[in-house]
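> Here is a sequence with its predicted model. Questions after.
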Amino acid sequence: MASIFRGTDLRTGQHVAIKVPHPEIESDPVFFDRFHREQEIGEALDHPAVMKVFGGDDRSKIYMVMEWVEGRLLRQILDQQKKLPPERAVKITLGLLSALEYIHSHGIVHRDLKPENIMVNAEDGIKLIDFGIAAKAGARRLTFAKLSQIMGTPEYISPEQVKGKRGDGRSDIYALGVMLYEMLTGKPPFQGPNPFAIMNDRLLNNPTPPREIDPSISPQLQEVIYRALERDPKNRYATAKEFAWDLEHLDQVGAADRPELRNWRQRRTPWLRRVLFYIMLALIPVVVFGLLLYFVKR
């Protein structure tokens, strides 16, 4: 949607990041509205784990000014190290949960949590960035033409988003559960050759249990991941605070004997649904012809 430049605020002398939308975005009213919503959300938030957006006077060009954040993207760290020790993964997750608890309390749902939108500093402090597709309570829903802008990134979106629902704070909880799984195992829980295959895998199958990949992951930490990855939002952590409490008190988390730990090798595909769909399409002209014939005879 935009290019990011490093600049200097001439009033304060501090480094800032300047986000300038691409020309074709400026002419698209939906993306233009989204850009302004992102700016509005950023200006309203003030938390050490959330990137700050600075307001300003009327500008001759459309752009957004944000704080400059030192560090690396979590994606870069994972690309280099593949997976993280449990202690480090938990620390980063707790930082993100603090940010989520704050934004959710202000009626904001990020909706695009992924390692590409997390900055990590030298002390593993985090900064949540890019509210480009965030939802604000009470704001009208924006419609997009492209799947990725509608719902987020296929590897991290929640089952309810896959089904076309807007999602709420529990959708962010799900995405963070996916990231915790990836930080601990080196890969996301659901994969596939294309976005639709990944999303179908999420709806139909269970991921490989984290302890099958790395036995050093404790049963309690594995249980926390499963609680965050529940398909039904009602069974998921209701708030970031609940998620954080379990991570901070793993010794008090009871590891359930879940079916997902036993039947994860069973893989289902949507082929039957697809075959039925094509059969229904093929029957439409037959039904229409039959109805016309019926009314003609009458």
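Thanks, I have it.
> Please make it C-alpha for all contacts and neighbour counts, starting now.
OK.
> Out of the helices and strands in this protein, which is least certain?
None of the helices or strands of the chain scores lower by mean pLDDT, DSSP states H and E than helix 147-151, at a mean of 45.
> next helix or strand past that one?
helix 159-162 (DSSP states H and E).
> Tell me the gap between stretch 199-215 and the middle of its chain.
17 Å (Cα atoms, centre = their mean, to the nearest Å).
> Which positions in it come out as buried?
199-203, 205-211 (16 or more other Cα atoms under 10 Å).
> Relative to the whole chain's centre, how far out is stretch 84-98?
17 Å.
> Output the helix or strand hosting Gly177 as CSV, nothing but the C-alphas.
Under the criterion of DSSP H and E, Gly177 resides in helix 169-185. C-alpha atoms of helix 169-185 as CSV (Å, rounded to 0.1, in the frame of the first residue of the first chain):
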residue,chain,number,x,y,z
GLY,A,169,-10.2,-9.6,20.0
ARG,A,170,-10.2,-13.4,20.0
SER,A,171,-9.1,-13.4,16.4
ASP,A,172,-6.0,-11.6,17.5
ILE,A,173,-5.6,-14.2,20.2
TYR,A,174,-5.7,-16.9,17.6
ALA,A,175,-3.1,-15.3,15.4
LEU,A,176,-0.8,-14.9,18.4
GLY,A,177,-1.3,-18.6,19.2
VAL,A,178,-0.1,-19.3,15.6
MET,A,179,2.9,-17.2,16.1
LEU,A,180,3.8,-18.8,19.5
TYR,A,181,3.5,-22.2,17.8
GLU,A,182,5.8,-21.0,15.0
MET,A,183,8.4,-19.5,17.4
LEU,A,184,8.6,-22.8,19.3
THR,A,185,8.6,-25.2,16.3
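> That helix - contacts with which helices or strands?
On a contact count with 3 or more Cα pairs under 8 Å, 6 or more residues apart in numbering; DSSP states H and E, helix 169-185 meets helix 86-105, strand 108-109, helix 210-213, helix 219-228.
> got the angle for it vs helix 86-105?
170 degrees (axes from the mean of the first three to the mean of the last three Cα atoms, to 10 degrees).
> Following helix 169-185 in sequence, what is the next regular element?
Next element after helix 169-185 (DSSP H and E): helix 195-204.
> related to what we said a few turns ago, now mean pLDDT too, for the helices and strands packed on helix 169-185, in JSON lines please.
Converted to JSON lines, the helices and strands packed on helix 169-185 look like this (pLDDT from 0 to 100):
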{"stretch": "helix 86-105", "mean pLDDT": "97"}
{"stretch": "strand 108-109", "mean pLDDT": "94"}
{"stretch": "helix 210-213", "mean pLDDT": "95"}
{"stretch": "helix 219-228", "mean pLDDT": "97"}
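> how about these in a markdown table, adding distance to Val288?
Shown next, in a markdown table, are the helices and strands packed on helix 169-185 (distance: least, Cα to Cα, whole Å):
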| stretch | distance to Val288 |
| --- | --- |
| helix 86-105 | 50 |
| strand 108-109 | 45 |
| helix 210-213 | 52 |
| helix 219-228 | 47 |
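> With respect to Phe35, which of these lies nearest?
strand 108-109 (15.2 Å; Cα to Cα).
> What is the closest one packed up against?
Using 3+ Cα pairs under 8 Å, 6+ apart, the elements in contact with strand 108-109 are strand 135-136, helix 169-185.
> 7 Å instead, please
Contacts defined by 3 or more Cα pairs under 7 Å, 6 or more residues apart in numbering; DSSP states H and E place strand 108-109 against strand 135-136.
> Relative to the strand it packs on, what are the paired strands and their orientations?
The pairing partners recorded for strand 135-136 under DSSP bridges are strand 108-109 (antiparallel).
> for the stretch 151-298 of the chain, which spans come out with low pLDDT?
151-152, 269-282, 298 (pLDDT under 70).
> Other residues contacting stretch 98-111?
49-50, 131, 133-137, 152, 168-169, 171-172, 240-241 (Cα atoms under 7 Å, 6 or more residues apart in numbering).
> For that stretch, buried residues please.
Under 16+ other Cα under 10 Å, the buried positions of stretch 98-111 are 98-104, 108-111.
> Closest to Gly164 out of these?
Taking the buried residues of stretch 98-111 together and measuring to Gly164 by Cα to Cα, the closest member is Arg111, at 12.5 Å.
> That closest one belongs to a strand?
No: Arg111 is assigned coil when assessed by DSSP: H, G, I helix; E, B strand; the rest coil, not a strand.
> let's have the chain start at 45 instead
Done: numbering now begins at 45, and the last item shifts to Arg155.
> if I look at it, how far off is Phe240?
18 Å (Cα to Cα, to the nearest Å).
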